[in-house]
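J.: I need the structure of the sequence given here:
(chains A and B)
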Number of protein chains: 2
Amino acid sequence: MRTADEHAVAALALAPAPVPVELDLRDALGHVTARPVVAHVDSPPFDNSAMDGFAVRWADVRLAALNAATESAPVTLAIIGESRAGVPATVALAPGCAIRIMTGAPMPDGADTVVPVEATSVVDGAVGIREVRSEGAHVRRCGEDARRGDEVIAAGVELKARHLAAAAAVGAGRVTVYRRPRVGILSTGDELAALGTELRVGQIYESNSYVLDGAVRGAGGDPVLLGPVGDTVADVLAAIASADVDLIVTTGGVSVGDYDVVKAALAGVGVEFMSVAMQPGKPQGLGAVDGTPLLCLPGNPVSVAVSFELFVHPVIRAMRGLSPRLEWQQATVGAAWTSPAGREQFMPIRFEADAVVPATSGGAGSHLMARLAVADGLARVPAETTEVRAGDSLRVRRFAG
Amino acid sequence: MRTADEHAVAALALAPAPVPVELDLRDALGHVTARPVVAHVDSPPFDNSAMDGFAVRWADVRLAALNAATESAPVTLAIIGESRAGVPATVALAPGCAIRIMTGAPMPDGADTVVPVEATSVVDGAVGIREVRSEGAHVRRCGEDARRGDEVIAAGVELKARHLAAAAAVGAGRVTVYRRPRVGILSTGDELAALGTELRVGQIYESNSYVLDGAVRGAGGDPVLLGPVGDTVADVLAAIASADVDLIVTTGGVSVGDYDVVKAALAGVGVEFMSVAMQPGKPQGLGAVDGTPLLCLPGNPVSVAVSFELFVHPVIRAMRGLSPRLEWQQATVGAAWTSPAGREQFMPIRFEADAVVPATSGGAGSHLMARLAVADGLARVPAETTEVRAGDSLRVRRFAG
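T.: The predicted model follows:
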């Protein structure tokens, strides 16, 4: 039997290369940059004031800096205009004069320093300057944030709110990012009933499409529901053939039973089925049909949650242009449990203070879905370990979505 | 001047109570439960097989358990039917007989134990049993995961993929959650140019709606663009009056300048403007107009990012039904910087190994947006601290979105 890590490598080999696409910045949140985002303009695009106050010439006001201690207003300048954000002054600054200026407004020609309004007093169209700090004070310089042509966001970055704002500030209205993968979700089984209907004898409610829908979104993909379908080979093949997606994930029908429909439908046409030395999630399949990669998971909901995290999640990350590698941390075990010999166990766990404990009192049982709701993540128990003891250290990972 | 914490308390007091709404489970991802999710059916809904194999009576096969060491097949049973997932057996199990059973299929009447197919051999319509484990082996009991009426998900839980699956498994097709708040975003300023246009003299690209759009989504709200609008009181009032939202966030026009349009428009009609002892983000406003709460942030993009996190994010969390409290961790400073006296500083920082360093070489400058793109989060420097030194411990928080 292959190990879970070996199966994950095989799954990742199926991932198509990420597809670059140019998007409006408004639609780019959460996408990964395929190319660096470069400044189209200097930022700020012009020298401007950091304060509300008066634009002045240092040569006219430096005396005020020396005389600040006197609290008099030794320098008086004639107000000859105004510069507002978006409405620049129409005159240049002449010697002995000042131009009223607002935060963000362009520095007038001839001005080199801003005096904040708090350090001035205005009488009869003239401004008295009580205090100035230094030459160039309160002036934001053109390009001090970024120069036209500078790389503002590197390639390979997942775009967050602050990245969008930075791209907007430098005029990058369109960005080249990797397309989000469309992930088809196909639940199979004659026993599956739709929510909102009454259960007939032998039926259960279909739940795998719900965990996969949420998990695909959490991983940064766009889920597309292709099912559910019953245990009919033709229905499985039809659902797959008509899907316009980048990756298909099926659940159920991959085991050794006489009615394992996914296996029956796909074993001859490009998908391989095998046992993986893990609990839960032993029966797995993977391959490609008509160029579309497929990952075939077992049908039990906890197996689906575990298999998604180990095998599907890294593939979606790779298709988005991110490193497929998932981080696992070390954590201390807070309560003992048992694990099967010869299979790596993936136990749903909760974090309690600094330790992890099983989320389900019934073990890693692959049908204990209602109890999985209280899990924070998974712990992995090595294949050779059969007894997990309080105080042991295990690798753990929190669920992403 | 009030402190940032005091302003955050005032902002939170404006948050309307969260609004419960019943949603289809398919639409509930990311919402917070307003009522517990309760099992509509037992899970599993019937006793069923955990393996592919044969449903048998323990009384018929217990001899095989004793004789396992012989590797013979001491017990042979007539195969009288089949139980598949979704297609139960049509006969009850008679003594001396076996019914073929698939994983997840209902246990036939009269059967109490499952023998996995690997421990059997079939010849001429009869099955030889080589080995059995114990009475009741490989049977999943009705309700062992959850009983009808059990609380499967508590109130106040943010619904993740695994919660959706758990709700589906117990037949909860509709859930009562809190509505996501619609958050109106209104950027103001005559200087703002739209992306895709050429900058005229004195113009900058409008970027605040981009950071707020992403930050609102990251916080779990639905952004609604109300602007941008220029520095005209009538336009600001019209944009606010026509908005159908639960909360409005404005940027710009809140300072002491002669053209601070948000202040001019709203100071008399329910919004209060004040200085907050923080850097950046000193000028702020808050209040309500026609029953809709407003948070009025300054216009500089870094101030917007900081103000969002401190004042808007907790309000959105409260409106979603979550605790508004944001977590801050302690971190060690890796490189020195300065901070103004008398104001709490919020410095955009990067994590480098185990320490934090300023993300911007130019200080906490509120216009250094392009450099904010490389920030991981914020560090808060107490108002009385003017020199931050390597090795100091500060409170820090990673950006959520």
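J.: my read: A:Pro88 touches A:Pro106, true?
T.: Yes: with contact defined as C-beta atoms under 8 Å, A:Pro88 counts as touching A:Pro106 (4.5 Å). C-beta: built from backbone N, CA, C; applies to glycine.
J.: Quick check: neighbours shared by those two?
T.: Between them, A:Pro88 and A:Pro106 share these contacting residues under C-beta atoms under 8 Å, 6 or more residues apart in numbering or on different chains: B:Val201, B:Gly202.
J.: Neighbour count: the two, which is higher?
T.: A:Pro106 (26 against 23; other C-beta atoms under 10 Å in any protein chain shown).
J.: Under the pLDDT cut-off, which ranges of the stretch 1-150 of chain A? List them.
T.: Low-confidence segments of the stretch 1-150 of chain A (pLDDT under 70): A:65-73.
J.: Now the stretch 1-150 of chain A against chain B: closest residue?
T.: In the stretch 1-150 of chain A, the residue that lies nearest chain B is A:Gly86 (3.1 Å; C-beta to the nearest C-beta).
J.: Count the residues that sit near that residue.
T.: 22.
J.: Could you report the separation of it from B:Gly287?
T.: 26 Å (C-beta to C-beta, to the nearest Å).
J.: quick one: the helices in chain A?
T.: In chain A, the segments counted as helices under DSSP state H are A:4-12, A:58-66, A:161-169, A:208-219, A:233-241, A:261-266, A:301-307, A:313-320, A:369-372.
J.: can you redo the ones you listed as CSV with distance to chain B and mean neighbour count?
T.: Below are these laid out as CSV (distance: least, C-beta to the nearest C-beta, whole Å; neighbours: other C-beta atoms under 10 Å in any protein chain shown):
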stretch, distance to chain B, mean neighbour count
helix A:4-12, 19, 18
helix A:58-66, 20, 17
helix A:161-169, 3, 28
helix A:208-219, 3, 26
helix A:233-241, 13, 17
helix A:261-266, 10, 24
helix A:301-307, 5, 28
helix A:313-320, 11, 24
helix A:369-372, 4, 27
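J.: now the ones you listed as a markdown table including distance to B:Leu372?
T.: Supplementary listing: the helices of chain A in a markdown table, determined by distance: least, C-beta to C-beta, whole Å:
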| stretch | distance to B:Leu372 |
| --- | --- |
| helix A:4-12 | 34 |
| helix A:58-66 | 30 |
| helix A:161-169 | 5 |
| helix A:208-219 | 26 |
| helix A:233-241 | 45 |
| helix A:261-266 | 48 |
| helix A:301-307 | 36 |
| helix A:313-320 | 23 |
| helix A:369-372 | 39 |
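J.: And those, which one averages the lowest pLDDT?
T.: Lowest mean pLDDT within the helices of chain A: helix A:369-372, a mean of 71.
J.: For B:Val201, see how far away the residue of the stretch 1-150 of chain A closest to chain B is.
T.: Applying C-beta to C-beta to A:Gly86 and B:Val201 gives a distance of 9 Å.
J.: Same check on A:Arg100?
T.: Distance from A:Arg100 to B:Val201, by C-beta to C-beta: 18 Å.
J.: just A:Phe308 next, same as before
T.: 54 Å.
J.: In terms of neighbours, single out the busier of those two.
T.: Ranked by neighbour count (other C-beta under 10 Å), A:Phe308 and B:Val201 place A:Phe308 first, with 28 against 10.
J.: residues in contact with the residue lying closest to the more buried one once chain neighbours are set aside?
T.: Closest residue in space to A:Phe308, ignoring its immediate chain neighbours: A:Ala215 at 4.8 Å, by C-beta to C-beta, 6 or more residues apart in numbering or on different chains. Applying C-beta under 8 Å, 6+ apart, we find A:Ala215 in contact with A:Ala305, A:Phe308, A:Glu309, A:Val312, A:His313, A:Ala400, A:Gly401, B:Ala161.
J.: ok, so of these, who is nearest B:Ala50?
T.: A:Ala305 (17.4 Å; C-beta to C-beta).
J.: residue contacts, the closest one?
T.: A:Val211, A:Ala215, A:Pro348, A:Leu372, A:Phe399, B:Ala161, B:Arg162, B:Ala165.
J.: For the fifth one, which non-adjacent residue is spatially closest?
T.: The one in question is A:Phe399. Counting by C-beta to C-beta, 6+ apart, the nearest residue to A:Phe399 once its immediate chain neighbours are dropped is A:Gly377, at 5.1 Å.
J.: any idea how far the one you found is from A:Gly214?
T.: 15 Å.
J.: same thing with A:Val306?
T.: 15 Å.
J.: again with A:Tyr205
T.: With C-beta to C-beta as the criterion, A:Tyr205 and A:Gly214 are 16 Å apart.
J.: got it, and A:Glu387?
T.: Using C-beta to C-beta, A:Glu387 is found at 34 Å from A:Gly214.
J.: Check A:Gly173 too.
T.: With distances taken as C-beta to C-beta, A:Gly173 is found 32 Å from A:Gly214.
J.: With A:Pro298 instead?
T.: In this view, A:Pro298 and A:Gly214 are 19 Å apart by C-beta to C-beta.
J.: ok, what's across the strand from A:Tyr205?
T.: A:Ala193 (DSSP bridges).
J.: ok, it touching B:Val170?
T.: Yes: at 7.4 Å, A:Tyr205 counts as touching B:Val170 under the criterion of C-beta under 8 Å.
J.: Can you pull the residues that touch both of those two?
T.: Contact criterion C-beta under 8 Å, 6+ apart; residues bridging A:Tyr205 and B:Val170 by contacting each: B:Val41.
J.: which residues does the residue nearest to A:Phe399 form a beta bridge with?
T.: A:Ile349, A:Arg398.
J.: Same check on A:Val224?
T.: A:Gly184.
J.: So it is in contact with A:Val183, correct?
T.: Yes: proximity of A:Val224 to A:Val183 meets the contact threshold set by C-beta under 8 Å, at 6.7 Å.
J.: Compare those two and say which is more crowded by neighbours.
T.: A:Val183 (26 against 18).
J.: and the gap between the more buried one and A:Pro358?
T.: From A:Val183 to A:Pro358 the distance is 30 Å (C-beta to C-beta).
J.: Also A:Ala161?
T.: For A:Ala161, the distance to A:Pro358 - C-beta to C-beta - is 37 Å.
J.: Also A:Met278?
T.: For A:Met278, the distance to A:Pro358 - C-beta to C-beta - is 16 Å.
J.: who's more crowded, these two?
T.: Between A:Met278 and A:Pro358, counted using other C-beta under 10 Å, the more crowded position is A:Met278 (26 against 21).
J.: For that one, give the beta-bridge partners.
T.: A:Glu344.
J.: again with A:Glu151
T.: A:Val38.
J.: what's around it, how many residues?
T.: 13.
J.: show me what contacts it?
T.: Neighbours of A:Glu151 in contact, by C-beta under 8 Å, 6+ apart: A:Pro36, A:Val37, A:Val38.
J.: before we move on, what about A:Ile80?
T.: Counting by C-beta under 8 Å, 6+ apart, A:Ile80 makes contact with A:Val91, A:Leu93, A:Ala94, A:Cys97, A:Ala98, A:Ile99.
J.: For the fifth one, list the residues it contacts.
T.: By C-beta under 8 Å, 6+ apart, the contact list for A:Ala98 reads A:Phe54, A:Ala55, A:Val56, A:Leu77, A:Ala78, A:Ile79, A:Ile80, A:Val115, A:Val127, A:Ile129.
J.: try 7 Å this time
T.: Applying C-beta atoms under 7 Å, 6 or more residues apart in numbering or on different chains, one finds that A:Ala98 lies in contact with A:Phe54, A:Ala55, A:Val56, A:Leu77, A:Ile79, A:Val127.
J.: what does the second one give?
T.: For A:Leu93, the set of contacting residues under the criterion of C-beta under 7 Å, 6+ apart consists of A:Ala55, A:Arg57, A:Ile99, A:Pro108, A:Asp109, A:Gly110, A:Ala111.
J.: Turn these into a markdown table, including neighbour count.
T.: Output for these, formatted as a markdown table (neighbours: other C-beta atoms under 10 Å in any protein chain shown):
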| residue | neighbour count |
| --- | --- |
| A:Ala55 | 30 |
| A:Arg57 | 19 |
| A:Ile99 | 27 |
| A:Pro108 | 25 |
| A:Asp109 | 12 |
| A:Gly110 | 16 |
| A:Ala111 | 25 |
